[in-house]
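Novice: one predicted model, sequence on top.
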Amino acid sequence: MANSIKLTTGSSFPSIEATLAEGSRVNLSKAHSGADWQMLVVYRGKHCPLCIRYLNILEEHQAALKEIGVSVTAVSADSKAQLAESMEKLNISYPIAYGLNEQQMKQLGLYISAPRSAQETDHNFSEPGLFVINDEGTLQAIDISNAPLLRPELSVVVRGLTFVRNQDDYPIRGTVAY
């Protein structure tokens, strides 16, 4: 079994770049569209129908997230061509990137899986992850999973972030020890 790092809340989010669907490079930790916090959603790739569904549900929460100053970017290890195929099934307005490599996956502490067959995909891919980075570049919240069926319910995430953003002194949780 391979060892992996574990990102901790309260620490700086690593500087990781990927390529957006239209071809420009983006720092995945940086908020955009007038927001000061960033939510990064890592998904498995076009081969995962649960991921496509999750990304489409995330679109339904864009107005609420924008209202509290949280931007969203999604990323996977897919190629440009695979992302283009995914876009046919996605109805999203937030940026989506491709090309996350294994070194970056490990840097994020994500679980990595091998494809079951060439029909599934042609590369190793990360399992789901959700990272919330605050206006100081610090990890406010982390959720990683080893399977696509274990993801936080987005309505709960949005309600929780709304609560946190409306507090003057809400602390970053989970910083004592692990």
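Specialist: All right, it came through fine.

Novice: give me the buried stretch members for stretch 39-51, please.
Specialist: Using 16 or more other CB atoms under 10 Å as the test for burial, stretch 39-51 gives 39-48, 51. For every residue, glycine as well, the C-beta is placed using N, CA and C.

Novice: quickly find the element holding Phe163.
Specialist: helix 154-165 (DSSP states H and E).

Novice: quick one: residues in contact with that helix.
Specialist: With contact meaning CB atoms under 8 Å, 6 or more residues apart in numbering, helix 154-165 is reached by 37, 39, 54, 57-58, 60-61, 64-65, 68-70, 130, 132, 140-141, 170.

Novice: do stretch 142-150 as well
Specialist: 7-9, 44, 48, 50-51, 54, 108-111, 127-132, 151-152, 174.

Novice: re the thing from before, buried stuff in the helix holding Phe163?
Specialist: In helix 154-165, counting by 16+ other CB under 10 Å, buried: 154, 157-158, 161, 164-165.

Novice: rewinding a little: buried among the contacts of helix 154-165? Make that a PyMOL selection.
Specialist: If you want just the buried ones from the contacts of helix 154-165 in PyMOL, going by 16+ other CB under 10 Å, the selection is:
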select buried, resi 37+39+54+58+61+65+68+69+70+130+132+140+141
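
Novice: in strands only, show me the contacts of helix 154-165.
Specialist: Applying DSSP state E to the contacts of helix 154-165, the entries found in strands are 37, 39, 70, 130, 132, 140-141.

Novice: for Tyr94, state which of those is nearest.
Specialist: Nearest to Tyr94, judged by CB to CB, of the ones in strands among the contacts of helix 154-165 is Met39 at 9.0 Å.

Novice: now that closest one, nearest residue through space, not along the chain?
Specialist: Of all residues not flanking Met39 in the chain, Val72 sits nearest, at 4.8 Å (CB to CB, 6 or more residues apart in numbering).

Novice: quick one, helices of this protein?
Specialist: Secondary structure of the chain (DSSP state H): helices at 49-59, 62-67, 80-87, 102-107, 154-165.
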